[in-house]
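Novice: mind folding the following:
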Amino acid sequence: MSKLFVDEIQPKTTGGIITSNPNRPSFLAHRLTSGLQPLATATNEIVEFNETDDNTGGHYNTSNYTFTCPVSGLYQFNHWLYVYTTSQANTRLYINGVNKYRFASVGVPTAQNPHGAGGSISIKLNSADTVQLYVWSASANANVYEGSSPERASFFSGYLI
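Specialist: As a prediction, this is how the structure comes out:
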């Protein structure tokens with residue numbers, strides 16, 4: 001049997017800055033360019049981000065719009081939705097199929113174009129936990145707007161910190 005005694009372990013760096021971590025799970029998802037997602041009034045609906053610009057590790061599923069945590073740890077999630085035309089839009093982060101975090105936008109007297117909703121949060125999650133983004137709109141005939149190529153107006157991203 002052998003023993004290893006160390007006072008400090010440091011990552012390989014260049015000039016004191018960590019230069020890369022290519023295996024860190026991350027994703028940046030959005031809707032297909034010019035793809036509108038119609039929304040029902042006053043109903044929580046999963047946001048259908050069906051394309052990725054980044055999906056390191058392949059843990060974001062573009063078919064069921066779900067990120068599955070590959071390892072336990074602290075994760076950062078960010079999102080922004082461009083919703084039109086509505087008087088209020090809210091977003092919700094579902095963890096393992098349960099509504100856990102709500103991000104409320106300011107309501108206005110009449111439907112506006114654009115109306116945004118979004119936020120950021122750091123969450124401790126376990127391996128195999130799932131994360132999904134939902135949206136709620138106060139107005140009929142509202143849509144999640146992707147943007148026009150190459151601009152992204154709505155997105156969902158996350159990574160292991």
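
Novice: tell me the spacing between the spatially most central residue of the chain and Asp53.
Specialist: Central residue of the chain (Cα atoms, centre = their mean): Phe156, 3.0 Å from the mean position. Applying Cβ to Cβ, to the nearest Å, the value for Phe156 to Asp53 is 11 Å. To be clear about C-beta, it is placed using only N, CA and C from the backbone, and glycine gets the same treatment.

Novice: same deal with Arg24?
Specialist: 16 Å.

Novice: please apply the same query to Leu74.
Specialist: Distance of Leu74 to Asp53, given as Cβ to Cβ: 23 Å.

Novice: same thing with Phe5?
Specialist: 45 Å.

Novice: quick revisit: now the common contact residues for Phe156 and Asp53.
Specialist: The contact sets of Phe156 and Asp53 overlap at Leu28, Ala29, His30 (Cβ atoms under 8 Å, 6 or more residues apart in numbering).

Novice: so who does the first one touch?
Specialist: Spelled out, that is Leu28. Neighbouring residues of Leu28 by Cβ under 8 Å, 6+ apart: Thr52, Asp53, Asp54, Asn55, Phe155, Phe156, Ser157.

Novice: equivalent analysis for Lys3, please.
Specialist: Not one residue lies near Lys3 by Cβ under 8 Å, 6+ apart.

Novice: tell me the secondary structure at it.
Specialist: Of the three states, Lys3 takes coil under DSSP: H, G, I helix; E, B strand; the rest coil.

Novice: spatially nearest residue to Asn55 (excluding sequence neighbours)?
Specialist: Phe27 (4.9 Å; Cβ to Cβ, 6 or more residues apart in numbering).

Novice: and that neighbour, how many neighbours does it have?
Specialist: 23 (other Cβ atoms under 10 Å).

Novice: show me what secondary structure element comes after whichever strand or helix holds it.
Specialist: Following DSSP states H and E, one finds Phe27 within strand 26-30. Remark: after strand 26-30, the chain's next helix or strand is strand 37-39, criterion DSSP H and E.

Novice: that next one pairs with which strands?
Specialist: Next to strand 37-39 in the sheet, as set by DSSP bridges, lie strand 142-145 (antiparallel).

Novice: ok, Ala111 - contacts?
Specialist: Residues near Ala111 by Cβ under 8 Å, 6+ apart: Thr85, Thr86, Ser87, Ser139, Ala142.
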